[in-house]
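*Asks:* what's the 3D shape of this:
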Amino acid sequence: MVDLTVVILTKNEEKNIRKCIDSFLGIVKRFVIVDSFSTDRTEALCKQLDAELRIKGSQLDFYQNKWVDYATQLNWGLTQTNITTEWSMRFDSDEELTEELVQEIEQKLPGVKDPVNGIILRRRVYFMGRWIKHGGRYPELLLRIFRTGKAMCEQKMMDEHMILSEGTTTTFQYDLIDSNQKDLEWWTVKHNWYSNREVLDHQMTLENQQAETLESGGQSSGQASMKRAVKNGGYYKLPKFWRAHIYFIYRYYIKLGFLDGPEGKIFHFLQAYWYRFLVDAKLYECEKKGIKMEKQGDLKA
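*Replies:* Numbering: from 1, shown residues only. Below you'll find the predicted structure:
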């Protein structure tokens, strides 16, 4: 049993939560679920999982908290749920661990010594059942495990990363998997919601109303810092609408996204072109009307 607490945010995750929890194979002392008032069977499933875990010496604690934004919700879970384990972990309900990563965490994490306070994990994304290996999507390097109290989620509206307050990081070898079991309609609704957050995030960045934590000394993954710099210093300097064309061409042809088959074609087009074009359309609408995007509530899943 690893001295680790895993914090997971949920909203109507009955299709994902069991495979998420089960993927840890019983190595974790505690799971903390922070739910934004699900209307499906998420709460009932979590209570069932808690009963099963307690037989094995672990536990799952279920909390509900009103949604403000992702960072606020996650930081509430990290600070308001009495985490006493040496290590904490940020995890999403549609993610799961590979067996190799479970073994790596179990074997390596107890031996990690100061000044290492953060563990960067590799994430692979599945879409419509297919591993998206190309288009610059694999591997995503994310700071996910950290000494309790040594990291917080940066307060941004979009693409929030964990930031270490002190210490260094190391990278584990094996992958976690992002494989959501919900359908394409849900995916498009979610990304429409994301596009509103993206517009507000960009507007706030232009107005210098949010701290660019990754650029001001906080430590996350080097990949996250590079992507942030390219996005704000490169992509958003290109003309609206044309940049969505350019980005899709880069992802699908130059970065070989076409090798991901029909599922990859759908994913790269929707995620690299449709979504980015939608963000530009909403930015254009806001500029034309002279308005600012309103802060979004929880995803109505």
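
*Asks:* contacting residues for the residue nearest the centre of the chain?
*Replies:* Residue closest to the mean C-alpha point of the chain, counted by C-alpha atoms, centre = their mean, is Asp92 at 6.4 Å. With contact set as C-beta atoms under 8 Å, 6 or more residues apart in numbering, Asp92 has these partners: Ile8, Leu9, Cys20, Asp178. Quick note: C-beta positions are derived from backbone N, CA and C, even for glycine.

*Asks:* mind listing what Arg130 touches?
*Replies:* Asp260, Gly261, Glu263, Gly264.

*Asks:* can you do 6 Å?
*Replies:* Shown in contact with Arg130 (C-beta atoms under 6 Å, 6 or more residues apart in numbering): Glu263.

*Asks:* same check, this time on Val102
*Replies:* Leu25.

*Asks:* quick one: the strands in the stretch 101-250 of the chain?
*Replies:* Counting by DSSP state E, counting those that start in this stretch, the stretch 101-250 of the chain has these strands, from start to end: 116-127, 130-131, 140-147, 151-153, 162-164, 168-178.

*Asks:* show the average pLDDT along the fourth one.
*Replies:* Okay, so that is strand 151-153. Confidence for strand 151-153, expressed as mean pLDDT, is 97.

*Asks:* and for the longest one?
*Replies:* The average of the pLDDT scores along strand 116-127 is 98.

*Asks:* sheet-wise, list the partners of it with their directions.
*Replies:* strand 130-131 (antiparallel), strand 140-147 (antiparallel), strand 168-178 (parallel) (DSSP bridges).

*Asks:* CSV for those, including distance to Glu285?
*Replies:* Converted to CSV, these look like this (distance: least, C-beta to C-beta, whole Å):
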stretch, distance to Glu285
strand 130-131, 34
strand 140-147, 30
strand 168-178, 31
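
*Asks:* which of these sits most buried?
*Replies:* For the strands paired with strand 116-127, the largest average neighbour count (mean count of other C-beta atoms under 10 Å) is found in strand 140-147, namely a mean of 22.

*Asks:* which stretches of the stretch 101-250 of the chain have low pLDDT?
*Replies:* 209-221 (pLDDT under 70).

*Asks:* circling back: closest one to Leu101 among the strands paired with strand 116-127?
*Replies:* strand 168-178 (4.0 Å; C-beta to C-beta).

*Asks:* residues contacting that closest one, please?
*Replies:* 95-98, 100-101, 104, 115-116, 118-125.

*Asks:* let's see the PyMOL selection covering just the buried ones among those residues.
*Replies:* To isolate the buried ones among these in PyMOL, judged by 16 or more other C-beta atoms under 10 Å, type:
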select buried, resi 95+96+97+101+104+118+119+120+121+122+123+124+125
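
*Asks:* for Met162, which of the strands paired with strand 116-127 is the nearest?
*Replies:* strand 140-147 (4.4 Å).

*Asks:* send the alpha carbons of that closest one over as PDB?
*Replies:* Presented in PDB, the C-alpha positions along strand 140-147 are these (Å, rounded to 0.1, in the frame of the first residue of the first chain):
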ATOM      1  CA  GLU A 140       1.800  14.200 -22.900                       C
ATOM      2  CA  LEU A 141       4.100  14.900 -19.900                       C
ATOM      3  CA  LEU A 142       2.100  16.000 -16.900                       C
ATOM      4  CA  LEU A 143       3.100  16.700 -13.200                       C
ATOM      5  CA  ARG A 144       0.600  14.500 -11.400                       C
ATOM      6  CA  ILE A 145       2.100  13.100  -8.200                       C
ATOM      7  CA  PHE A 146       3.600  15.500  -5.600                       C
ATOM      8  CA  ARG A 147       4.400  15.600  -1.900                       C
END
